[in-house]
Each structure stands twice: as structure tokens, then as C-alpha cells.
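Q: Model the structure of this input:
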Amino acid sequence: MPYDALIIGAGLSGLSAGIRLAYYEKSVCILERHTTIGGLNSFYRLRNRNYDVGLHAVTNYAVRGTKHGPLPKLLRQLRMDWDDFRLLPQCGSAIDFPGCRLHFSNDFAEFRQQIIEAFPVQADGFHRFVQAVNDYDDMSLVPPPRSARMVLAEYLSDPMLIDMILCPLMFYGSATPHDMDFHQFVIMFKSIYYEGFGRPWEGVRHILKRLTKKYKSLGGELRLRGGVHKILLDGDRAVGVELDDGTQLEASTILSSAGSAETMRLCGEDRERNDAHPPGDISFMETLSPIEKQPAELGFPYTILFYSRTPEFHYNTPDEPLDLRSGIICSPNNFQYEKPLDEGMIRITALANPSFWINLSDDDYPHVKQEWTDKLLTAAQPLLPDYRSYVLDTDSFTPRTIRRFTGHLNGCVYGASQKSLAGDTPVRRLFLCGTDQGYLGIIGSMLSGITMANLHVLKGS
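A: As a prediction, this is how the structure comes out:
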């Protein structure tokens, strides 16, 4: 008996799509190659410590009882309660460029005032730009392509201010070197600067476990170690999948969160079709260092510090293994928790060259990774209090790690530069959700799964 829907990938998007479909009594099965859920936003345990992967913060924060915006909409669609996510707001973040540091919080008025004070000549242009963002329809599934950098330049004349505004948004969602599509820019601008950051005390595992519990309670099926070897076609229509172990499953509709290039390659060796869906190559290396002090005690009060050591922000695949000119420093401790986390944590992230890391030999990889971990920590040190004597352990991951545990070609984090907002693919009854559908961030990923489930499975059923 065919399923109403098969979902490839048990990340935030896939789980949310599954919940939405199971709520309406659709027969649905989520297929995940690995032994745990989460995809790009997962968790693991190493040397008796818990680590989050991917999650620095949940964007689109809203206080309990808020009626409008992405988070309340998400909770309504999933039939879940505020306590299911238990998000707590950030303490405050900043963007640091040479000679200028802009602070921002979950109150947009603070960010606006910071820009007016630091760039007074740009104040009128920034006000007009904010109005343009407010007037833009970011819910459209067929927006005309526009360069965010070019739109910003219509209102602002200071190149460093343009780069400072773009920096967090690119780091948290751009698959395009040096730029963003304006549609995605608006989504990220609102999610980070208007709404801001939150996080559960327990990290991403809390959200993932609540989603999984909800999904299973509605009768949804989850197959871990259920990797998809290929998507089965009847002509130009998807009719099912074959798993790594040879099992074949039939379905009326398939939703894939694997990425557009990865999904097309599961459909076979059609060179013309696959060449039309090239994979992205924006990827990162990240270090995670538990410390025996709270970062705020040592003089690091920021939830997230986005930085560039040069006035021009370079956002592209670096020629070197890492781009040490810019990065992200995050402390998961610096949210407004009722009690502190048991240990401090400093996470440092930088753009990485996927080809370099993926093509290293198995023998060279460990010591080269350690070498560049040390270089990254050293490069970020001037922006931090000296916490090195308090470090309890350090782990790191690279594009090679990302490719291994997510299957994303090139270890890319934000997928291909061309998104499919309607989720369409060249194959009938096969649709994208998640990264390459185009909704960004933690909340955006979940809304992507819901929106694609509504549009392609529930609508008209």
C-alpha cells in the first residue's frame, strides 16, 4: 500500500512536514540515513559532553502570547505550545568591523539607533530602506530575482555599513558569494534584526525531541538508518524510493530535504538535469570549546559576535583552507536563562574551502584539522578575553564532517544559490523542502516543511 508521502531527511523541515501531514491522518514515513535526527541542526555526545551542531540561536524569537509572525504561525500549524520550544531571549549581540561595533538585541529600535549614531549621514537612507523592507511581500513564492547588495546601495552610500548589515545575514543564510537574493535578505533581516535570537536551555535537542514526540504521537513513521539510495521514477513522475538495504517503498508524493542537487542525483544519471542543479559550496569550519567559567564572567557578554577584520566583508569560498579575516563567535551561555548552563562554551566559526577539506587523505586530515583549529582560535583571540587557560576540551568540524553526516555535496550548509520557493523539481510529485526550498533559519526550516506539505500534499486532498 503506497504512503501518501515519503519525506527524505529527519531534520527540522522533514519532521515539521511529517507532523503537519500526520495531523491530517496522512500515511507518512520520514527516512533518515543516520542513527539520529536533526540533519544540519543536530546534537552529539563526545567525551561525556553534549554538543549542538549548527544551532547558534533560533531566529524569529517572539515573546509568549505574540499573535503574529513566523514563530506563532509555526506553533499554530504544528498544534504545539510555547512550552514545547521554551525559547529564552538573547542577552545581546554585535557586529564588529574595524573601528566600529554595532550592538543589536531583540529590540529593533536599539539597532536602528546604533546605526544612526555610528553613521549619521546614512540615517535618512536607512529609514527609507527600512520602509522598503516593511513594504516588501516576503510571503510571495514567485518573487523576481534582485541583488540585496544592489538594493542596499540604492539607499545607503557607505560600503562598510552595507557590509555590516549584510554580514550576519550572509553568515546565517546566504548560498551566494558576496551577495544575497533580496527576497531571502528580507526574510533574514526581519528574523535577525526585527525579531532576534532565542534558545532553549537544553539546546536544539529539546526542539528536536519535542518534534519527534509529536510526530510519533500522531502515528507518523520514522525510519532511522533508512537512507535513500535512489528515487524510483515512472517516466517523469516519482513513485517511490529504494533504500540503501534494497527495500522499496511506494508513495503518492515525495518531499526531499536533501537539497536540490542531491535530490536530482537520487533520480539517476540524467546529465542535463543534474547539470541544471549544481550544488552550493558555501561551507564552514567550527570549533567548540567548553570552558570552566561562564563567558560573561570573563568579559564576553555577547550572545553572538559577527566580525570582519577588514572594512570589506569577504563572503565566498576562500582559496586557503579557512578565511581567517572574518567569523562568528557564539556563546550559548549568553541567553536569559533562569539558571546558567553547567559549563561555559565558546564557538568560533569561519568560512572554509570544501574542496581542500574533502580531498585531504585520511592520514593527513586529523593533524591538518588540528593545525587550522589552532589558527582559527588564534585569529579570533583579539576579539575575546583570554579564556584559553579555562578550556576543558575542544572539538571541531569541517566541510568533510558536514558531507559525511548530511550527505550535502561539498559539505555546503545553505545549499544551492538558486532556490525553488514553490518546492518544484523537474520530476512530477517530487518536491523540495528545507534549505533549497528557500526559507531560512531554524524557524524558517520548519515553516518550509509545513508550507510544502500544505501546498503539495494537503491542498485539494
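Q: Can you name the residues in contact with stretch 17-28?
A: With contact meaning C-beta atoms under 8 Å, 6 or more residues apart in numbering, stretch 17-28 is reached by 1, 3-7, 30, 77-79, 211, 214-215, 218-222, 255, 257, 433, 449-450, 452-454, 457-458, 461. Heads up, the C-betas are built off the backbone N, CA and C, glycines and all.
Q: Mark which of those residues are part of helices, please.
A: Mapping the contacts of stretch 17-28 onto helices (DSSP state H) picks out 77-78, 211, 214-215, 449-450, 452-453.
Q: Low-confidence stretches in this protein?
A: The chain contains residues with pLDDT under 70 at 460-461.
Q: How is it divided into domains?
A: 3-82+202-278+415-458, 93-195, 281-406 (automatic domain parsing).
Q: I'd like those as CSV, with mean neighbour count appended.
A: Formatted as CSV, the domains of the chain follow (neighbours: other C-beta atoms under 10 Å):
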stretch, mean neighbour count
domain 3-82+202-278+415-458, 20
domain 93-195, 18
domain 281-406, 18
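Q: what's the longest helix in the chain?
A: Longest helix in the chain, counting by DSSP H: helix 365-380.
Q: for the stretch 251-400 of the chain, what spans make up the strands?
A: Listed in chain order, the strands found in the stretch 251-400 of the chain under DSSP state E, counting those that start in this stretch are 283-291, 304-308, 326-330, 344-352, 395-397.
Q: Please disregard the earlier target; I meant the stretch 101-250 of the chain.
A: 198-199, 221-223, 228-234, 237-243, 248-256.
Q: thinking Leu87 is in contact with Arg199, fair?
A: Yes. Taking C-beta atoms under 8 Å as the definition, Leu87 is a contact partner of Arg199 at 6.5 Å.
Q: Quick check: neighbours shared by those two?
A: Val58.
Q: more neighbours, those two?
A: Arg199 (28 against 24; other C-beta atoms under 10 Å).
Q: so who does the more buried one touch?
A: Neighbours of Arg199 in contact, by C-beta under 8 Å, 6+ apart: 55, 57-58, 87-88, 90, 332, 335.
Q: same thing but at 10 Å, please
A: 52, 55-58, 61, 85-90, 206-207, 303, 332, 334-337, 442 (C-beta atoms under 10 Å, 6 or more residues apart in numbering).
Q: For Ser445, give its distance to Gly9.
A: Distance, Ser445 to Gly9, using C-beta to C-beta, to the nearest Å: 11 Å.
Q: so what's in contact with those two at the same time?
A: When contacts are counted by C-beta under 10 Å, 6+ apart, Ser445 and Gly9 are jointly contacted by 15, 39-40, 257, 433-435.
Q: hang on, isn't Gly92 packed against Pro301?
A: Yes. With contacts counted by C-beta atoms under 10 Å, Gly92 reaches Pro301, the gap being 6.8 Å.
Q: okay, and the common contacts of the two?
A: Taking C-beta under 10 Å, 6+ apart as the criterion, Gly92 and Pro301 both touch 103, 334.
Q: Leaving out the residues flanking it, which one is nearest to Asp319?
A: Using C-beta to C-beta, 6 or more residues apart in numbering and skipping the chain neighbours, the partner closest in space to Asp319 is Asn353 (7.0 Å).
Q: Check Leu447 too.
A: With sequence-adjacent residues excluded and distances taken as C-beta to C-beta, 6+ apart, Leu447 is closest to Tyr439, at 5.3 Å.
Q: how about Asn353, what does it touch?
A: Here Asn353 is in contact with 281, 283, 285, 317-323, 359, 398-399, 410 (C-beta under 10 Å, 6+ apart).
Q: Check those against Tyr44 and report the nearest one.
A: Thr398 (15.0 Å; C-beta to C-beta).
Q: show me the residues around that closest one that make contact.
A: Here Thr398 is in contact with 283-286, 321-322, 352-354, 356-358, 360, 365, 368-369, 372-373, 404, 411 (C-beta under 10 Å, 6+ apart).
Q: hang on, the earlier thing: now intersect the contacts of Arg199 with the helices, please.
A: Applying DSSP H to the contacts of Arg199, the entries found in helices are 85, 206-207, 442.
Q: and of those, the nearest to Arg101?
A: The closest of the ones in helices among the contacts of Arg199 to Arg101 turns out to be Ile442 (C-beta to C-beta; 25.8 Å).
Q: who touches that closest one in this structure?
A: 12, 41, 54-60, 71, 74, 85, 87, 172, 191, 197-199, 204, 207.
Q: Repeat that for Glu221.
A: Neighbours of Glu221 in contact, by C-beta under 10 Å, 6+ apart: 3, 6-7, 18, 22, 27-31, 215.
Q: and what of Thr59?
A: By C-beta under 10 Å, 6+ apart, the residues touching Thr59 are 70-71, 168, 172-173, 187-188, 190-198, 440-444.
Q: mind checking how far Gln336 is from Ala296?
A: For Gln336 relative to Ala296 (C-beta to C-beta), the value is 12 Å.
Q: Mutual contacts of the two, please.
A: By C-beta under 10 Å, 6+ apart, Gln336 and Ala296 have these common neighbours: Cys91.
Q: ok, the residue lying closest to Asp181 once chain neighbours are set aside to Gln418 distance?
A: Once flanking residues are discounted, Asp181 sits nearest to Pro145: 6.0 Å by C-beta to C-beta, 6+ apart. Counting by C-beta to C-beta, the separation of Pro145 from Gln418 is 9 Å.
Q: what's the answer for Ser157, then?
A: From Ser157 across to Gln418, the span is 30 Å (C-beta to C-beta).
Q: Looks like Glu343 contacts Ser331 (just checking).
A: No. With contact defined as C-beta under 10 Å, Glu343 does not count as touching Ser331 (11.2 Å).
Q: Find the residues that touch each one of the two.
A: Common contact partners of Glu343 and Ser331 (C-beta under 10 Å, 6+ apart): 291, 294.
Q: Tell me which of the strands of the stretch 251-400 of the chain sits nearest to Leu102.
A: With C-beta to C-beta as the measure, strand 304-308 is the member of the strands of the stretch 251-400 of the chain nearest Leu102 (9.5 Å).
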